[in-house]
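**Q** need coordinates for the below:
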Amino acid sequence: MQYTRPEAGAPLNGVAKLRRTDHREIEEGSETESMPFPIDIKLFADGQNLAVVDDVALRDRILPIFGGKRSTPEERWQGIGTCFRIDPFGTCATAFHVIEDLITPSIDGATIEIEPDNFLAALEMPAIIFGEVSIPQDWWRPLSGISSVCAGIERRPLQEAQIWNASELTSLVLTPAVPSNSIPFLSTHLTWVPQIGDRVLAMGYAGLDLDLEGVGDHRPLKQCIYASLGEVIDIVHANGDSSQPWPKLHVNADWPGGMSGGPVFNEAGNVIGLVSAGMGSVSTATWFGGWTIPEWQFPTVDPVNPGRFLGYAVIDKYGEVRLFSPKRSACEDLIKEIPGSAIRFVSFNPGTREHIRLNA
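**A** Purely as a prediction, here's the structure:
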């Protein structure tokens, strides 16, 4: 069975299921059951703005970002924001302004790269840690790639190229501790449409590594995921004439510094944007579904089916996926070893291993 694009109500591998974009897949005739926010929102019952998130699964998926100078390795690495894993291949999303001071135009002026004297890494802790511990080197995830497909690069005669923030979206590729085909990720909905009054939940490392007690650079590194619940009070659509052309949601919540770049969830439990700015009692999310740029920025994410990904699969003669990759070349060696197998471009669910064949 072949599809040009998975649509609502389309069969999945021959099994009739109703696909609801912001709900679990449910069999036809059964009751709709919404997925919850990723944490219990009873934590906000007393009206507090921030709640601590002690969840190992979320810590695997939402990471603090640190940056520094290679020329001064003795100086403390500085916490600069939050990123989150957006696919099973090691890609993370963050806000452009989080890394803006660390990047430079590439030599050919066509894209961006980390300025040679700068470095950037995320910290991945294998468990919830209590007390003070030394940070092993293998908890750091160094950067192996960076891109912003809509970064504005301005070129003027006799001047160096300048970068301006044109989408507030950036992809980071982090080097895993060991090679893996099962990197954890957050389910993302790139085409969700908000309404005024929708509740959203932001997560990130609020106050990341701030020296609140004036101890100086020898203080222990403190970092914790916080969540903040709010309602959408204003929707700003994409506007190419604006200095900030990306679509925005204004939310009645206070998202402190350090949360920038963190995921923003809708009530179905899917990531629908990222934290862009906090302005006291009103904060701003960059909303994915207000334009098509996120589909270019995160091409492995199936834009209409949260939790599914686009890529190439080696499918054996029984119809089972033996390998899934964003690159066709990664499949070409394996197909020689499996008689009767074929390479197909598919939408793939890593959890259920269901696939939908697409035209590409």
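**Q** so how far is N349 from N270?
**A** 14 Å (Cβ to Cβ, to the nearest Å). For the C-beta atoms, the positions are set from N, CA and C on the backbone; glycine is no exception.
**Q** what is in contact with those two at once?
**A** G307 (Cβ atoms under 8 Å, 6 or more residues apart in numbering).
**Q** in stretch 352-360, which residues are buried?
**A** For stretch 352-360, burial by neighbour count (16 or more other Cβ atoms under 10 Å) applies to 354-358.
**Q** what's the residue nearest to P184 when sequence neighbours are not counted sitting at in phi/psi?
**A** Leaving aside its sequence neighbours, P184 sits nearest to D60 (Cβ to Cβ, 6 or more residues apart in numbering; 4.6 Å). Phi and psi for D60, reported as degrees, to the nearest 10, are phi -70, psi -20.
**Q** parallel or antiparallel, which strands does the helix or strand containing G67 pair with?
**A** According to DSSP states H and E, G67 maps onto strand 62-69. When pairing is defined by DSSP bridges, strand 62-69 lines up against strand 78-85 (antiparallel), strand 118-123 (antiparallel).
**Q** could those strands be laid out in a markdown table, adding distance to D54 and mean pLDDT?
**A** Formatted as a markdown table, the strands paired with strand 62-69 follow (distance: least, Cβ to Cβ, whole Å; pLDDT from 0 to 100):
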| stretch | distance to D54 | mean pLDDT |
| --- | --- | --- |
| strand 78-85 | 17 | 95 |
| strand 118-123 | 17 | 92 |
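**Q** please identify the most buried of those strands.
**A** Across those, the average number of neighbours (mean count of other Cβ atoms under 10 Å) peaks for strand 78-85, which reaches a mean of 24.
**Q** which residues does that strand contact?
**A** Here strand 78-85 makes contact (Cβ under 8 Å, 6+ apart) with 60-68, 91-95, 98-99, 102, 120, 122, 172, 183-186, 203-205, 208-210, 223, 258-263, 271, 274-275.
**Q** what ranges do the strands span in the stretch 101-250 of the chain?
**A** 103-105, 112-114, 118-123, 140-147, 152-154, 162-164, 170-174, 199-204, 226-236, 248-251 (DSSP state E, counting those that start in this stretch).
**Q** neighbouring strands for the last one, and are they parallel or not?
**A** Translated: strand 248-251. Sheet partners by DSSP bridges: for strand 248-251, these are strand 226-236 (antiparallel), strand 282-287 (antiparallel).
**Q** any idea of the mean pLDDT for the last one?
**A** For strand 282-287, the mean pLDDT works out to 96.
**Q** picking up where we left off before, so which of the strands paired with strand 62-69 gets nearest H250?
**A** With respect to H250, and counting by Cβ to Cβ, the nearest of these is strand 78-85 at 19.6 Å.
**Q** before we move on, back to that, buried subset of the contacts of strand 78-85 as a ChimeraX selection?
**A** Only the buried entries of these go into this ChimeraX selection, using 16+ other Cβ under 10 Å:
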select :60,61,62,63,64,65,66,67,68,91,92,93,94,95,98,99,102,120,122,172,183,185,186,203,204,205,208,209,223,258,259,260,261,262,263,271,274,275
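**Q** longest helix in the chain, by residue count?
**A** The longest helix of the chain (DSSP state H) is helix 329-337.
**Q** with that, I have no additional questions.
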